[in-house]
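Visitor: Pasting the sequence and the predicted model now:
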Amino acid sequence: MRSSFALLTALPAAVRALSLNAYDLGLYGVYPTQNFVTLGQPTPWAQISQWDPRCDKDGGLILLSPRGVNVPNPGPVILDPRGNLVWSEGKFGQAMNLQVQRYKGEDFLTFWSGTSGGPHSNGSYYMLDSSYEVAHTVNSVDIDMGGDLHEFEITNNGTALFTIYQDKQVDCSDVGHDGLCWIDDCLFQEVDIATGKLLFQWRASDHVPLSHSYKLRHKDGLTKKTAWDFFHINSVQKDDLGNYLISSRHMRAIYYLDSKGNILWSLGGKHSDFTDLSEGNASNFKWQHHARWRGNNTMSFYDNHAKNVFHPLSEFSRGMLVQFDFENMTVKLLQTYKHPDNVLSISQGSMQVIPETGNVMIGWGNTPAYTEFTADGEVLCNTHFGAPLFFMILDFGWVKSYRTFKSHWVGKPKTPPTIKIFAGQIFASWNGATEVAKWRLESAKSLKATNDDFAIVEEIKKDGFEGVFMRNSWERRFVRVAALDRAGEVLGYTDVVDSTFEEYIPISLFQILVSLCFILVVGFFAWTYREMLKKQSSRIFALRRQQKNTQQYELLNSRENVDDAV
């Protein structure tokens, strides 16, 4: 009953949040994509529902990793703040937690890739350099499970922190089970990136009682296949003191550990160590993710506040910023960040404080959206990359991104720009190149022409992922496109191609079906509108005819009355 009431009360807000456009109403599918002539894979088609120019001033790029049953080619993706594609790569398969991290003075794109199912995931962590080549691969050490998707954090000491899930039998008598039961035990390891040496390992079952879990056991744990996910670790951070901050979703608590793994204190959960000075609002989070220190004894995290689509515990998820007083063991809420449409995200999610501006980026996890706020909670830019019709009322996670970040990144791919000719136009792009400001079309008389043989035809400003030139008739039939930086220097050239030859671009069955559905829907609304106009015209005609007859009748009566009076 409670679930039904919550869903019914959510309907009006969800309907109000929907825009009456084809994208939001799902006419392009659950996960709308865009296709480029020069890129052989569909990519996210982001929609901005609220925009502020301040989102485009810091030079940051959006990093996300779309996945879900409706995402045909999951993988790492970079967009600019306006939603234009910068980089997309499908060769890694399912990827999560794409972000920019620094290692030995150099920036790397880092992410997890592997297989996942339930709480379990099994994979490796990749570090890509500015040319998008794999520079380092990090794996779990001395354990029969691969790295888990939830965390990969590079420390200032050149080590990597990451999570692991492992099935294990333990004594479950304190949670109403006789003898041993199976649990999904949660670990994290700290490994030296350069050598692969294991430096530290922590295991949840050695430190946290099973009875502290909010995840009901029911019949979980009777077999290895039904192992009880009692802890569910989802973030780890190491501070300058050598201590560790970890988040446990199913304990609904954030723990602070010393360098040996002993628990110093916990916030939230069944045994919080702090007095909440904000009437409980600093510690009443539930099923949270992504806990991070922010300086001055402040900490940020993402409060899902729900774990099941049918059992929401509040009206919305939120980013939270809290401040501690460790001398008096108190905590207070400084700021919250909620989606303008009160999104309730039942899993995943992230909160980032952007270093350059102090703005806050919230990735809504199970909900395909991200929002940039000012530090004091003003919504600047709000973007979604899935149809809101499918996530505003019941969000089953058909499209999602585990975390979303905004970071500076300079990409210099070693592969050259791509050129294609299609439908009387010349297309050029350079997947991952972030310094391109202009495209310059050049032509020559020979396929083997030297640089001196090429003549400049046209220059255009880079606007979006692809540059497009109209193909005209000119004496020099062989063309190439140069990618230029802001100073006009050449960054790279495409191959030289024959401008009289066109590419064949196949159209997928899905694109045909989407187009047909769109035509049918538009046709239906047009027919309905036409019928309404016809009925309205008929009513107006009938009303006018009735008024005319009435006037004639009144005129006749008035004449008869005059005759009688005479």
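Guide: Nice, thanks for sending it over.

Visitor: Can you name the residues that contact the closest residue to Leu277 other than its chain neighbours?
Guide: Taking C-beta to C-beta, 6 or more residues apart in numbering, and ignoring the residues beside it in sequence, Leu277 has Lys332 as its nearest neighbour in space, at 4.2 Å. C-beta coordinates here come from the backbone N, C-alpha and C atoms, glycine included. Contacts of Lys332 were listed using C-beta atoms under 8 Å, 6 or more residues apart in numbering, and they are 276-278, 282, 322-323, 325.

Visitor: Downstream of the strand or helix carrying Lys332, the next helix or strand is which one?
Guide: Secondary-structure assignment from DSSP states H and E places Lys332 in strand 330-337. Using DSSP H and E, the helix or strand that directly follows strand 330-337 along the chain is strand 350-353.

Visitor: For that following strand, name the packing helices and strands.
Guide: Contact here means 3 or more C-beta pairs under 8 Å, 6 or more residues apart in numbering; DSSP states H and E; on that basis strand 350-353 packs against strand 289-295, strand 298-303, strand 360-363, strand 405-407.

Visitor: Can you list the helices and strands that the helix or strand just after the last one packs against?
Guide: Next along the chain after strand 405-407, taking DSSP H and E as the criterion, comes strand 418-422. The elements that strand 418-422 packs onto, with contact taken as 3+ C-beta pairs under 8 Å, 6+ apart, are strand 425-429, strand 478-484.

Visitor: Tell me which strands strand 418-422 pairs with, and in which orientation.
Guide: Within its sheet, and counting by DSSP bridges, strand 418-422 is paired with strand 425-429 (antiparallel).

Visitor: Show me the helices in this protein, by range?
Guide: Taking DSSP state H to define them, one finds helices in the chain at 2-17, 509-565.

Visitor: in stretch 82-97, what's buried?
Guide: Using 16 or more other C-beta atoms under 10 Å as the burial criterion, the residues of stretch 82-97 that qualify are 83-90, 92, 94-97.

Visitor: okay, and the helix or strand of this structure with the least pLDDT?
Guide: In the chain, the helix or strand scored least confidently by mean pLDDT, DSSP states H and E is helix 2-17, which has a mean of 42.

Visitor: any chance of the buried residues of stretch 82-97 in JSON lines, plus distance to Asp148 and pLDDT?
Guide: Conversion of the buried residues of stretch 82-97 to JSON lines gives the following (distance: C-beta to C-beta, whole Å; pLDDT from 0 to 100):
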{"residue": "Gly83", "distance to Asp148": "30", "pLDDT": "98"}
{"residue": "Asn84", "distance to Asp148": "32", "pLDDT": "98"}
{"residue": "Leu85", "distance to Asp148": "29", "pLDDT": "99"}
{"residue": "Val86", "distance to Asp148": "28", "pLDDT": "99"}
{"residue": "Trp87", "distance to Asp148": "25", "pLDDT": "99"}
{"residue": "Ser88", "distance to Asp148": "24", "pLDDT": "98"}
{"residue": "Glu89", "distance to Asp148": "22", "pLDDT": "97"}
{"residue": "Gly90", "distance to Asp148": "22", "pLDDT": "94"}
{"residue": "Phe92", "distance to Asp148": "16", "pLDDT": "95"}
{"residue": "Gln94", "distance to Asp148": "13", "pLDDT": "93"}
{"residue": "Ala95", "distance to Asp148": "14", "pLDDT": "96"}
{"residue": "Met96", "distance to Asp148": "10", "pLDDT": "97"}
{"residue": "Asn97", "distance to Asp148": "10", "pLDDT": "98"}
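
Visitor: Of these, which belong to strands?
Guide: Assigned to strands by DSSP state E, the following of those qualify: 85-88, 95-97.

Visitor: Could you list the low-pLDDT ranges of the stretch 251-400 of the chain?
Guide: 311-314 (pLDDT under 70).

Visitor: Repeat that for the stretch 451-566 of the chain.
Guide: Where the stretch 451-566 of the chain drops into low confidence, which here means pLDDT under 70, it does so at 473-475, 503-566.

Visitor: In the sheet, which residues pair with the nearest residue to Asp185 once chain neighbours are set aside? Tell me.
Guide: Excluding the flanking residues, the one nearest Asp185 by C-beta to C-beta, 6+ apart is Lys168, at 4.3 Å. With DSSP bridges as the criterion, the beta-bridge partners of Lys168 are Ile183.

Visitor: Look up the pLDDT of Lys168 for me, please.
Guide: Confidence per residue is given as pLDDT, and for Lys168 that number is 96.

Visitor: Repeat that for the one 10 residues further on.
Guide: The predicted structure scores Asp178 at 88 on the pLDDT scale.

Visitor: Compute the distance between it and Phe231, please.
Guide: Spatial separation of Asp178 from Phe231 under the definition C-beta to C-beta, to the nearest Å is 22 Å.

Visitor: And those two? Which one has more around it.
Guide: A count of neighbours by other C-beta atoms under 10 Å puts Phe231 above the other of Asp178 and Phe231, at 28 against 8.

Visitor: Quick check, that one in contact with Asp206.
Guide: No. Under the criterion of C-beta atoms under 8 Å, Phe231 is not in contact with Asp206, lying 11.2 Å apart.

Visitor: returning to what we had before: highest mean neighbour count out of the helices and strands packed on strand 350-353?
Guide: Burial among these, expressed as mean neighbours by mean count of other C-beta atoms under 10 Å, is greatest for strand 360-363, which shows a mean of 27.

Visitor: What are the contacting residues of that strand?
Guide: By C-beta under 8 Å, 6+ apart, the surrounding residues in contact with strand 360-363 are 64, 300, 302, 319, 337, 339, 348-354, 370-375, 401-406.
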